[in-house]
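A.B. asks: sharing a sequence plus its predicted fold:
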Amino acid sequence: MIGSDRVRNIDIPDIREYTDGYGNRITRLTAPAGISTFWSDCIVEVDGQPDEVQLAASQIALQDLPNETLTYLFASRYCDSDLMGDFAWKKFGRTKEGWSRVQAICDFVHSHVSFGYEYGRPDKTAANVLKEKTGVCRDFAQLAISLCRAMGIPARYVSGYLGDIGVADTGFDDFCAWFEVYLDGKWYTFDARYNVPRAGRVLMVRGHDAADVAMITSFGAYELTGFRVWSLELADNKDEAALLQSLETRPHPRQRGLGSQPGLTAWQIDT
């Protein structure tokens, strides 16, 4: 990482950080009345490789799972896996355990749920998604997580940046949600929304579900009046000093689209 990915605000001097129970770095502050603007900028170097695929990764029997993974078998606020046992076993009970079963769950969620920002809402649970067949990326992830947990596979929610690296530029950037499952002694990345290995994921937070890793948790009323995320691939031929200098000028939204250029591996993130 080049530069600082800390949350910034020019009008609030007392910005503190702490580490939550999942190992996520959380920013804590008291915002004054009126308009507050928060942002972060950084450059992240990634290996450029797509998500790891291990078709032979096996499922670990419940009695042999490490203690620290058991919490990711429990139902949570948005992942109501306790309601999905019958459906999950009827739908996927004949699939091969391990990677094949998780992939079958991803295939189902990917084809069963229609994506659209108009379908997102803060009280939507995995059971709602299964019934309504619509959602945003967090809903795809939470439905897949719930089905995995219902079948004894530890699964956890992940949120971060996913730019258009190695794929067609969609013209719109956002935070993205995916999930991880514990197979064969290791956590693996799965993405029920896109359902293909992707390069350039920049992980921000992990938790049981979106309630643990919300973008903003407010103890008081607020109105979100503006929100923008963009991610740009940068040429891999600049030295660190030049990259740091580039952070002095915030990129303009019209610069989006660089993600489709070949041969670029560094990625600039701005919120």
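C.D. replies: Here it is on my side, so go on. Because the structure is predicted, anything quoted here is derived from the model rather than measured. Numbers count the residues shown, from 1 in each chain.
A.B. asks: what pLDDT is listed against the closest residue to L83 other than its chain neighbours?
C.D. replies: Once flanking residues are discounted, L83 sits nearest to A127: 5.0 Å by CB to CB, 6 or more residues apart in numbering. C-beta coordinates here come from the backbone N, C-alpha and C atoms, glycine included. For A127, the model assigns a pLDDT of 98.
A.B. asks: secondary structure class for A127?
C.D. replies: Assigned with DSSP: H, G, I helix; E, B strand; the rest coil, A127 falls in the helix class.
A.B. asks: quick one: it from S111, how far?
C.D. replies: As judged by CB to CB, to the nearest Å, A127 and S111 stand 18 Å apart.
A.B. asks: before we move on, what about E45?
C.D. replies: Taking CB to CB as the measure, E45 falls 35 Å from S111.
A.B. asks: higher neighbour count, A127 and S111?
C.D. replies: Neighbour count, other CB atoms under 10 Å: between A127 and S111, A127 has more, with 19 against 11.
A.B. asks: contact partners for the more buried one?
C.D. replies: 80, 83-84, 146 (CB atoms under 8 Å, 6 or more residues apart in numbering).
A.B. asks: what about the residue nearest in space to the middle of the chain, which helix or strand?
C.D. replies: With distances taken as CA atoms, centre = their mean, S159 lies nearest the centre of the chain, 2.2 Å away. Under the criterion of DSSP states H and E, S159 resides in strand 155-161.
A.B. asks: and the helix or strand just after that strand with strand 155-161, angle?
C.D. replies: Going down the chain from strand 155-161, the next helix or strand is strand 175-183, by DSSP H and E. Angle of strand 175-183 versus strand 155-161, following axes from the mean of the first three to the mean of the last three CA atoms, to 10 degrees, is 150 degrees.
A.B. asks: direction included, what does strand 175-183 pair up with?
C.D. replies: According to DSSP bridges, strand 175-183 forms sheet pairs with strand 155-161 (antiparallel), strand 186-190 (antiparallel).
A.B. asks: tally of neighbours for the nearest residue to Y188 once chain neighbours are set aside?
C.D. replies: Nearest non-adjacent residue to Y188, counting by CB to CB, 6+ apart: V181, 5.7 Å away. Look at V181: counted by other CB under 10 Å, it has 27 neighbours.
A.B. asks: show me what V181 bridges to in the sheet.
C.D. replies: Applying DSSP bridges, one finds that V181 bridges with A155, Y188.
A.B. asks: that one touches D191, doesn't it?
C.D. replies: No - taking contacts as CB atoms under 8 Å, V181 lies outside contact range of D191: 11.4 Å.
A.B. asks: pull up the overlap in contacts between these two.
C.D. replies: Contacts common to V181 and D191, judged by CB under 8 Å, 6+ apart, are absent.
A.B. asks: which of the contacts of A127 tops the neighbour count?
C.D. replies: The residue in the contacts of A127 with the most neighbours, by other CB under 10 Å, is S146 (31 neighbours).
A.B. asks: check which helix or strand covers it.
C.D. replies: Residue-wise, S146 maps onto helix 137-150 under DSSP H and E.
A.B. asks: so which other helices or strands are in contact with that helix?
C.D. replies: When contacts are defined as 3 or more CB pairs under 8 Å, 6 or more residues apart in numbering; DSSP states H and E, helix 137-150 sits against helix 85-92, helix 99-112, helix 126-132, strand 155-161, strand 175-183.
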